[in-house]
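[1] Show me how the following folds:
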Amino acid sequence: MPSVFVQGRPAASCPPYAPEALRGAVRRVTEVGEEVLHRPCRDVTEFGPDLAALVDDMFRTMYVAEGAGLAANQVGVDLRLFVYDCPDDDGVRHVGHIVNPVVEALAPAARRLLDEGEGCLSVPGAVMAVPRPDRAVVRGLDREGAPLLIEGTGYFARCLAHETDHVNGQVYLDRLSGRERKAALRQSAARREEVLARRAANAAAFPA
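    Predicted coordinates for the structure are as follows:
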């Protein structure tokens, strides 16, 4: 099996940072409670240099924040788009972006739920167990408007589901009980400053 997939296709290699990140600029990551995270995003209808530049910025921001995925509303942009650089449970790396993503419904026989730890760049420092399917199929478009089909298993399936939730106006806290949500927010309050300081140091050290 190939060790890396770019835009859902096997690739011979991919540098440690996706090339987009070297063109982009770091943007502020929105945090839970900000309105843009809690409403469904708008479909992307214009494909061109502005969208490409947003993808570049999102990649750089994701790496600086030490994330495996990042949705546009996490940088304050109300559009259905996310980027990712995420391993699956077999150690295969998946790198890419997807515009107007939709998760396909899978028959129960085609998936099982995994109840594993999950974090979010918009809830800095908190990790909670969230049940997610172990397989995900997402359809959408690339930044030029061409059709895309991305399939993931294990941790990468979790990433695809988590980021698609974001563009639908959901954060992972919405999938927790009230008690679990409060625990996550307490974790974040205790660790937020440390996480933000690390992101600032990463931004300063990131390759030009």
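
[2] Which of the helices and strands in this protein ranks last by mean pLDDT?
    The helix or strand of the chain with the lowest confidence, counting by mean pLDDT, DSSP states H and E, is strand 113-119 at a mean of 84.

[3] quick one: residue 86 and residue 96, what's the gap?
    Distance, residue 86 to residue 96, using Cβ to Cβ, to the nearest Å: 10 Å. Where C-beta positions appear, they are placed from N, C-alpha and C, glycine not excepted.

[4] Endpoints of stretch 21-40, how far apart?
    The stretch stretch 21-40 measures 26 Å between its terminal residues, going by Cα to Cα, to the nearest Å.

[5] how about it: buried residues?
    Across stretch 21-40, burial judged by 16 or more other Cβ atoms under 10 Å covers 21, 24, 26-27, 29-32, 36-37.

[6] go on, stretch 13-21?
    14, 17-18, 20-21.

[7] who's residue 42 bridged to?
    In this entry, residue 42 is beta-bridged to residue 79, by DSSP bridges.

[8] is the most centrally placed residue in the chain in a bridge, and if so with what?
    The residue lying closest to the centre of the chain (Cα atoms, centre = their mean) is residue 69, at 2.3 Å. Residues in a beta bridge with residue 69, per DSSP bridges, are residue 84.

[9] which ones are touching it?
    Residues in contact with residue 69, defined by Cβ atoms under 8 Å, 6 or more residues apart in numbering, are 62, 82-86, 159-160, 162-163.

[10] circling back to that earlier point, ok, the buried residues of stretch 21-40 vs residue 149, which is closest?
    Using Cβ to Cβ, residue 21 is the member of the buried residues of stretch 21-40 that lies nearest residue 149, at 23.9 Å.

[11] ok, that closest one to residue 129 distance?
    With distances taken as Cβ to Cβ, residue 21 is found 30 Å from residue 129.

[12] before we move on, what about residue 49?
    When residue 49 is compared with residue 129 (using Cβ to Cβ), they lie 41 Å apart.

[13] The two - which one has more neighbours?
    residue 129 (12 against 8; other Cβ atoms under 10 Å).

[14] Wait, that one touches residue 116, no?
    Yes: Residue 129 is in contact with residue 116 according to Cβ atoms under 8 Å; the separation is 6.3 Å.

[15] Just to be sure, which of the contacts of residue 69 are found in strands?
    Taking DSSP state E, the ones among the contacts of residue 69 that sit in strands are 82-86.

[16] May I have the secondary structure class of residue 89?
    Taken by DSSP: H, G, I helix; E, B strand; the rest coil, the conformation at residue 89 corresponds to coil.

[17] Could you check how far the top strand by length along the chain is from the centre of its chain?
    Criterion DSSP E: the longest strand present in the chain is strand 93-103. Mean-position distance between strand 93-103 and its chain equals 9 Å (Cα atoms, centre = their mean, to the nearest Å).
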